[in-house]
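Engineer: have a look at this prediction, sequence included:
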Number of protein chains: 2
Amino acid sequence: MTDIGKKKATIYDLSMLSGASPSTVSAVLNGSWRKRRIKEATAQLIQKLANEHGYTANLQARGLRSSRSGLVGLLLPVHDNRYFSSMAQSFEAQVRSRGQCPLVVSACRDPEEERKVVETLISYSIDELFIAGATDPDGVHKVCEKAGLKHVNIDLPGTLAPSIISDNHEGARMLTQAIIERAQEDGPLSPDDLYLFGGRNDHASHERIRGFRDVKRAVLGADPDICIQPTGYSPAMTARAFEAFYEGHGKLPRAFFVNSSINLEGLMRFLALHPHETFADIIVGCYDYDPFGSFLPFPVFMIRQDSETMITKGFAILDADRRPPITHLVRPTLVPPRTALTGPLDALKDIE
Amino acid sequence: MTDIGKKKATIYDLSMLSGASPSTVSAVLNGSWRKRRIKEATAQLIQKLANEHGYTANLQARGLRSSRSGLVGLLLPVHDNRYFSSMAQSFEAQVRSRGQCPLVVSACRDPEEERKVVETLISYSIDELFIAGATDPDGVHKVCEKAGLKHVNIDLPGTLAPSIISDNHEGARMLTQAIIERAQEDGPLSPDDLYLFGGRNDHASHERIRGFRDVKRAVLGADPDICIQPTGYSPAMTARAFEAFYEGHGKLPRAFFVNSSINLEGLMRFLALHPHETFADIIVGCYDYDPFGSFLPFPVFMIRQDSETMITKGFAILDADRRPPITHLVRPTLVPPRTALTGPLDALKDIE
DNA sequence: AGTCATTGCACCATCGATTGTGCAAAAAAG
DNA sequence: CTTTTTTGCACAATCGATGGTGCAATGACT
């Protein structure tokens, strides 16, 4: 840090100091110097100077010139939810390991906001974009397309770009199967005893509901429509649905399928309103994994979606030459109650 | 979308189309046109063309020229944890409302990584940086200082830059008080019945431990060192500490204070290893709020840290002229067991 | 008509890098 | 000692926007 100056060093500064031209300095510092036949000694001199002055490239300038920024975006509906935040964590790790810079932003499930956020990302010349859980993936696709930006959908599929999503149908089948079996341990289960809460008009919800109904019909013989209670992805709405059921029946359904951990938060709100009841006999299935949700005072079966694999596949697809708008399914896993899975956190070194 | 071309429109394209010069186009599109005395009619023409062609400014170019990028960074230890992910959520909302672009990255509590990540952010000419939960805030400070980057510490204080942190001492006192009171409902509590798990060699842990010990000593009369079990911020280490206690005593302490939700995950791992015991009689205090953690099958008192206010204060400080390296405390709140708080998620519109 | 102020805009250097091209000097070949 | 090849680098255009400066045209005023 021989550097006393206030401003950051540029290739021009190093050019002065080394006596070489800016282009030579540039070549040395971006690694293309062998190709440009720069003498080894020159390169070393420049590198030494660069170190001494703490040179780091201005990536905006580089991005402007080369129209590649080294930024990779991940568009999320929300941050504060274990599914998406752990996706962000895996994403970051993978982007970094590729020598690029991750850029994670959320758009609050608002189609308009989604497009605006992506426009902004494009203005920073990001190189690739992962669109996770978008409300309007095809709308976002068009924005990307216009800018020639490579992108994939994660979690919710679009029709215009390749998509990598959970096998929601299969996951829902596993989950439904599991809660039915568990509930039957307590006695015969009638179709009216098994509900589904949450979900809205998106592909994931449809598939999950389909899987739920398939299994329910096959195992319990019937599948009344009333047992499906779509509430959107909102804790408040979900809480209201539980409350409505409770007011009508004086209890909760013996077993139910909750569409996501966000909806499961709605169950918590409902529980908070009934502090004197334990609800210890309900059986819950939640399509999402949360380490604390798994240990609630009643059995909670969960589905862990494999966001890590989705990201990995996403990169594989982006790296491929042809990118047909195919939907790839990633199998989720069923997590029995009271299970503590390890996550990306465990990769941290912990210095005492 | 009259635009058929592949590339994005630039001010030069609009300059050609409108017959005006690039600088005029630039002035019109960045709003400085009144100051530059551009005719209203000219401005309207250019704006019309810009709309038709879906023009958006190249923010890299703008940033390069004006050396202000509109990017605001948030450096996080990890994403997948409710405390930090909800901080990210508030951060995003506030940055957007200021017309800037949020950039959230994590550095895995690795001091080296922290500095490298910040170097990268600096290369993108970010305007301001929030450093949350950094292991080495002062190390990061130096990097920022060299680049003339405005920054504040959140959650963990540094000595060289202004810091906004939870009032950990007061929070720990509240939490300790609460679990002692609750435990005493089940009979007299001896000092050996009250433990603290988690935490490491950082300011937050020190203060929390201090608050815990203050209250414990005052209320229970004694405070043996053995009751403090620092485990770092690692679920695995924490689980091991619980396991060790359990092996020694055949049970868990009647009441204990857990340093963070990450450590609480360690408790989950411990529980998973003992599927046949319910541990229904323990009283837990956790310094962090998690909506599912609040409903575990035993009483869990939690502390909700007000990350939203911390971010708000952070901006206030960054906006101020003088920025002395003072530490500002934000009061957290005690959350009784079985409480479902609303969060940033509730701001979402939920379209059915 | 001549002077001066105002309006409306064009010109150009600049931010910090990348990259195609050209050209000396040194080395190899003849 | 030429001619050819290779080595090593400098030059200059360029990416897309910004903002200081200058200048013609118009209007106001004596």
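Structural biologist: Cool, got the structure.
Engineer: I'd like the distance between A:Ile228 and chain B.
Structural biologist: 14 Å (C-beta to the nearest C-beta, to the nearest Å). Using the backbone N, CA and C atoms, a C-beta is placed for each residue, glycine as well.
Engineer: show me the contacts for that residue.
Structural biologist: A:Tyr195, A:Leu196, A:Ile209, A:Phe212, A:Arg213 (C-beta atoms under 8 Å, 6 or more residues apart in numbering or on different chains).
Engineer: measure how buried A:Leu220 is and give me the count.
Structural biologist: If you count neighbours by other C-beta atoms under 10 Å in any protein chain shown, A:Leu220 ends up with 20.
Engineer: which residues does A:Pro253 contact?
Structural biologist: Neighbours of A:Pro253 in contact, by C-beta under 8 Å, 6+ apart: A:Asp192, A:Asp193, A:Leu194, A:Tyr195, A:Cys227, A:Phe245, A:Ile282.
Engineer: look up how far B:Ser69 lies from it.
Structural biologist: According to C-beta to C-beta, to the nearest Å, A:Pro253 and B:Ser69 sit 52 Å apart.
Engineer: helices along chain A, start to end?
Structural biologist: A:11-18, A:22-30, A:40-52, A:59-66, A:82-97, A:111-123, A:137-147, A:168-184, A:203-220, A:235-249, A:261-272, A:307-319 (DSSP state H).
Engineer: which parts of the fourth one are buried?
Structural biologist: Neighbour-count burial for helix A:59-66, counted by 16 or more other C-beta atoms under 10 Å in any protein chain shown, picks out A:Leu59, A:Gln60, A:Ala61, A:Arg62, A:Gly63, A:Leu64.
Engineer: can I get the CA coordinates of it in CSV?
Structural biologist: Taking C-alpha atoms only, helix A:59-66 is exported to CSV below (Å, rounded to 0.1, in the frame of the first residue of the first chain):
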residue,chain,number,x,y,z
LEU,A,59,-15.4,-3.2,-13.8
GLN,A,60,-17.9,-0.7,-15.1
ALA,A,61,-15.4,0.5,-17.6
ARG,A,62,-14.5,-3.1,-18.5
GLY,A,63,-18.2,-4.0,-18.8
LEU,A,64,-18.9,-1.0,-21.0
ARG,A,65,-16.1,-1.8,-23.4
SER,A,66,-16.5,-5.5,-23.6
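Engineer: mean confidence score for it?
Structural biologist: What helix A:59-66 shows for mean pLDDT is 95.
Engineer: now swap in the first one and tell me
Structural biologist: The average pLDDT within helix A:11-18 is 96.
Engineer: residue numbers of chain A in contact with DNA strand C?
Structural biologist: A:7-8, A:10-12, A:22-23, A:26-27, A:29-30, A:32, A:36, A:57-58, A:61-62, A:64-66 (C-beta under 7 Å from any atom of the strand).
Engineer: also within reach of chain B: list those from the residues you listed.
Structural biologist: On the criterion C-beta under 8 Å from any C-beta of the partner chain, A:Lys7, A:Lys8, A:Ala57, A:Asn58, A:Ala61, A:Leu64 are the entries of the residues of chain A next to DNA strand C that sit beside chain B.
Engineer: could I get the residues you listed as CSV with distance to B:Arg240?
Structural biologist: Below are those laid out as CSV (distance: C-beta to C-beta, whole Å):
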residue, distance to B:Arg240
A:Lys7, 49
A:Lys8, 45
A:Ala57, 44
A:Asn58, 46
A:Ala61, 49
A:Leu64, 51
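Engineer: hmm, A:Val215 and A:Thr176 touching each other?
Structural biologist: Yes: at 4.0 Å, A:Thr176 counts as touching A:Val215 under the criterion of C-beta atoms under 8 Å.
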